[in-house]
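1. following is a predicted model, sequence given first.
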Amino acid sequence: MDYLDVTLDAINVKKVLIEEGDEPELLVELDINITPELKLEGIARTLIRHLNNFRKKQNLSTKNRIDLYLKTKNKEIIKALEKYGEKIKKMIQADKIIQFMEDKENLKEFKIENSVIQVYLEVKY
């Protein structure tokens, strides 16, 4: 791992470009535009954080596998689930993400993008 990889990870950026120039000083430019792709990635990360906090409150260990039942009407959250579903499952130790919920109790609700999400964790082992 070189210093660029460390820099990318430390400051949470997608890429670092180094250009040789005549100026002896360091110039940093940041692209602060949030693309639709970055927004979906941010939604996925927020969802992972909420779900791992919920797992912790349920006293689940990293060895406990779950099925995640989730309900939302937010189209961007649904897109993030479709695009980052495998990553989300890996990060929350889930075997399945089911976007349907019927007859579930002990639901957890939280907000992402000003939309309510209902979740239920079914512990498998």
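-> Alright, I've got the coordinates.
2. rest of the way, CA atoms for contacts and neighbours
-> Fine.
3. what strand or helix carries the residue most central in space within the chain?
-> The centroid of the chain falls nearest to residue 45 when counting by Cα atoms, centre = their mean (1.8 Å). For residue 45, the host element (DSSP states H and E) is helix 36-57.
4. what is the rounded mean pLDDT of that helix?
-> Helix 36-57 carries an average pLDDT of 96.
5. that one: how far from the chain's middle?
-> Taking Cα atoms, centre = their mean, to the nearest Å, one finds the center of helix 36-57 at 3 Å from the center of the full chain.
6. give me the contacts around that helix.
-> Identification of contacts with helix 36-57 by Cα atoms under 8 Å, 6 or more residues apart in numbering yields 61, 76-77, 79-81, 84, 88, 91-92, 108, 110, 112-113.
7. ok, 7 Å please
-> Outside helix 36-57, the residues that touch it by Cα atoms under 7 Å, 6 or more residues apart in numbering are 76-77, 80-81, 84, 88, 91-92.
8. cool, stretch 74-88 as well?
-> Against stretch 74-88 from outside (Cα under 7 Å, 6+ apart): 40-41, 43-44, 48, 115.
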